[in-house]
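S.K.: have a look at this prediction, sequence included:
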Amino acid sequence: MRTLLPLLASAALALVALLQASPAAAQLYALSYDRSTGSTTLAAINPADGSLTDLGTGAVACCEVAMSANAFDPFAQVLYAFGPSSSDPSISVLYRFDALSGAGALVGSLSLPGRIVGAAFEQSTQRLLALRQVSATQLDVVAVDTATATAAVVNPGAA
């Protein structure tokens, strides 16, 4: 088990998502990047003392730059994380991390160009929504297929 502060002090990345469930069942999660192994793991955070417990092997060669947005699907118990592609930072990629096993995997590159700057899992429709930066002055909302990373514009926003 690791503690959160030493993990952050070692320049690891910690992105936190709160499981959207009843307060008694709420769980904090973190994605932590280990520069020495090049992997990102999903960890559970103990809110009482800040300690982290790795939940599994995570994803190798993932997320060195940083995940720009993440969202939790409470039905599938999956944390979805968006970040820049390692080969082309102008392309966003989608990763999924299983909260039960801790396994992480690349879903794929988004089918639309642009940087994802926010994400939410819409529980009423059970879909993944993302806020996409199209240009320096334009944002839009896209629905993202969690199996293929195919994105479709839901609200084109305004310039």
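M.R.: That came through fine.
S.K.: okay, CA-based contacts and neighbour counts for the rest of this
M.R.: OK.
S.K.: all helices for this protein, in order.
M.R.: Using DSSP state H, the helices of the chain run over 4-9.
S.K.: where along it do the strands fall?
M.R.: According to DSSP state E, the chain carries its strands in the segments 2-3, 14-18, 28-34, 39-45, 51-54, 59-60, 69-73, 78-84, 92-98, 104-109, 115-122, 127-135, 138-144, 151-155.
S.K.: can I get these in TSV including mean pLDDT and mean neighbour count?
M.R.: Below are these laid out as TSV (pLDDT from 0 to 100; neighbours: other Cα atoms under 10 Å):
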stretch	mean pLDDT	mean neighbour count
strand 2-3	36	14
strand 14-18	38	17
strand 28-34	77	23
strand 39-45	81	23
strand 51-54	83	19
strand 59-60	71	18
strand 69-73	89	23
strand 78-84	88	24
strand 92-98	90	24
strand 104-109	90	19
strand 115-122	91	20
strand 127-135	91	19
strand 138-144	93	19
strand 151-155	93	15
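S.K.: please name the nearest non-neighbouring residue to residue 143.
M.R.: Of all residues not flanking residue 143 in the chain, residue 129 sits nearest, at 4.6 Å (Cα to Cα, 6 or more residues apart in numbering).
S.K.: oh sorry, the question was meant for residue 59
M.R.: Nearest non-adjacent residue to residue 59, counting by Cα to Cα, 6+ apart: residue 104, 4.5 Å away.
S.K.: residue contacts, that neighbour?
M.R.: Counting by Cα atoms under 8 Å, 6 or more residues apart in numbering, residue 104 makes contact with 40, 41, 42, 57, 58, 59, 95, 96, 97, 98.
S.K.: most widely separated two among those residues?
M.R.: Using Cα to Cα, the contacts of residue 104 span at most 13.9 Å, a distance reached by 57 and 95.
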